[in-house]
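Asker: no sequence for this one, just the structure:
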């Protein structure tokens, strides 16, 4: 077998690295996101092929077989997953990436001779373990398999301190002795740390944790690049770690939080629970689709606020058509987008772009908030926490300090909701009981379809 010369491999790695950077840049805009994904996939393909053609593979059948199996699983999963489940998919894939980095480092323990390489191995297996279980606990919270409330218990702080100290001790022992047993101990400690790090984090902060764990995985991959002396792995891991860190900081800012407050808040104080009383036990003003159509008939400025409920119901096409019908009548209609609406940054933007909503009609929170004071009607479709005034008025609330869409400033507010149950953060929304707020109960897609029909009738 003729192997590629090192110079060619280096060029391939440079090309792959450039494609990764262009992919990250392109993912920042819905217009270029699809092309960016293709660029990233192309870079990964070039990198893998360049490496496979530069070394003598001992088990090519097993390697190719693993690639085929992985590709089949990935394609099948990606085709079946719903847009509403995208955060869960990201969390699961991220966990797998962290676990893979830890496994690579474990394999390399026996080949690591210098203390420096053993330090890198120790860091990789620990971070990889944290990312693996942390990501899957996050997956469970998003999927409803694990409670979205912050889970704490007496002695949690002491347990975490003990686990960290044990990890430091195991890492030191690995570097001093080179015994692989300590590497497996580090993996086990990392797995436990991942679980107990994420469980105390409440539902509203889970999207930020996904991004933080993504940064962890990037660091683990970069460290595995050092272990294997592979420059491209180092570059790719650094890019993922840096972009994940930047995104985490941006999301924390959008939520009015600090990253340390999100991660360690549960260890410093008692986590606030849901507000007392059930929303369903208090009277609210309700109406049907025909009533909302009448309100829209008199409105000149309308803002539609999409949330996770819209995504779950698959109501984005109906919302887009309603907005188009109103625009044809001369109504000023925009979509107000919260940075973490839909549980991930950009989730609503991608969903509405899929329904052919013009990009200039998607208005971010900082730009849409001043518009509410001159808005006749706000339609809140499946959103809750991102418009909950408790973020400003209730210091004990889990979402206190989070910037929100100030829909209460509008003349009229109509919620389209399946039920009056609390949102993802697990707290009631006092806005439901405001005299200018009305609620239409039912599936968002069904309600919007009826509303669209009623609006067309009133034309």
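Answerer: Yep, it's here. Note that this is a predicted model, so its numbers are computed, not measured.
Asker: Quick one: distance of stretch 9-20 to the chain centre.
Answerer: When distances are taken as CA atoms, centre = their mean, to the nearest Å, stretch 9-20 is centred 28 Å away from the chain's centroid.
Asker: Please disregard the earlier target; I meant stretch 168-183.
Answerer: The answer for stretch 168-183 is 34 Å, by CA atoms, centre = their mean.
Asker: Give the buried residues for it.
Answerer: By 16 or more other CB atoms under 10 Å, the buried positions in stretch 168-183 come out as 170, 171, 173, 174, 175, 178, 182, 183. For every residue, glycine as well, the C-beta is placed using N, CA and C.
Asker: tell me which element the fourth one is part of?
Answerer: For residue 174, the host element (DSSP states H and E) is helix 156-177.
Asker: Can you tell me what sits against that helix?
Answerer: Contact with helix 156-177 is made by 109, 115, 118-119, 121-123, 126, 179, 182-183, 185-186, 189-190, 192-193, 196-197, 200, 266-267, as judged by CB atoms under 8 Å, 6 or more residues apart in numbering.
Asker: Please pick the buried ones from those.
Answerer: 109, 118-119, 121-123, 126, 182-183, 185-186, 189-190, 192-193, 196-197, 200, 266-267.
Asker: Among those residues, which are located in strands?
Answerer: Counting by DSSP state E, no part of these is found in strands.
Asker: what's the burial count for residue 71?
Answerer: If you count neighbours by other CB atoms under 10 Å, residue 71 ends up with 10.
Asker: That one belongs to a strand?
Answerer: No: counting by DSSP: H, G, I helix; E, B strand; the rest coil, residue 71 falls outside a strand, being helix.
Asker: Now do the helices in the stretch 251-400 of the chain.
Answerer: 259-268, 289-298, 308-313, 316-328, 347-354, 365-368, 390-393 (DSSP state H, counting those that start in this stretch).
Asker: so what's residue 189 scoring on pLDDT?
Answerer: pLDDT, residue 189: 95.
Asker: Could you pick out the longest helix of the chain?
Answerer: helix 115-143 (DSSP state H).
Asker: Can you give the distance from that helix to the centre of its chain?
Answerer: 18 Å.
Asker: Determine the set of other helices and strands touching it.
Answerer: helix 86-108, helix 156-177, helix 180-198, helix 206-228 (3 or more CB pairs under 8 Å, 6 or more residues apart in numbering; DSSP states H and E).
Asker: Could you pull out the buried residues of it?
Answerer: Buried, per 16+ other CB under 10 Å, within helix 115-143: 117-142.
Asker: Equivalent analysis for stretch 236-247, please.
Answerer: 236, 237, 238, 239, 240, 241, 243, 244, 245, 247.
Asker: what's next to it, contact-wise?
Answerer: 17, 20-21, 24, 47, 101, 211-212, 214-225, 345.
Asker: pLDDT on stretch 72-90, on average?
Answerer: 81.
Asker: next one: stretch 142-155
Answerer: 78.
Asker: Can we start the residue count at 18 from this point?
Answerer: Fine by me, first position is 18 from now on; the one you just mentioned is stretch 159-172.
Asker: end to end, how far does that stretch reach?
Answerer: Using CA to CA, to the nearest Å, the end-to-end distance of stretch 159-172 comes to 26 Å.
Asker: same question, stretch 119-132
Answerer: The first residue of stretch 119-132 is 18 Å away from its last residue (CA to CA).
Asker: how far does it sit from the chain's center?
Answerer: 32 Å.
Asker: Report the buried residues of it.
Answerer: Buried residues in stretch 119-132 (16+ other CB under 10 Å): 119, 120, 121, 122, 123, 125, 126, 129.
Asker: could you measure the last one against residue 462, distance?
Answerer: When distance is defined by CB to CB, to the nearest Å, residue 129 is 56 Å away from residue 462.
Asker: Model confidence at residue 439, what's the number?
Answerer: 68.
Asker: looking at it, residue 48 is touching residue 376, isn't it?
Answerer: Yes: counting by CB atoms under 8 Å, residue 48 touches residue 376, with 6.8 Å between them.
Asker: what number of residues lie near residue 277?
Answerer: 10.
Asker: now do the one 3 residues further on
Answerer: Here the number of neighbours of residue 280 (other CB under 10 Å) works out to 20.
Asker: check contacts around it.
Answerer: With CB under 8 Å, 6+ apart, residue 280 has these contacts: 214, 218, 226, 229.
Asker: so can I have CSV of those residues showing distance to residue 174 and pLDDT?
Answerer: Shown next, in CSV, are these (distance: CB to CB, whole Å; pLDDT from 0 to 100):
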residue, distance to residue 174, pLDDT
214, 12, 87
218, 14, 79
226, 18, 82
229, 19, 86
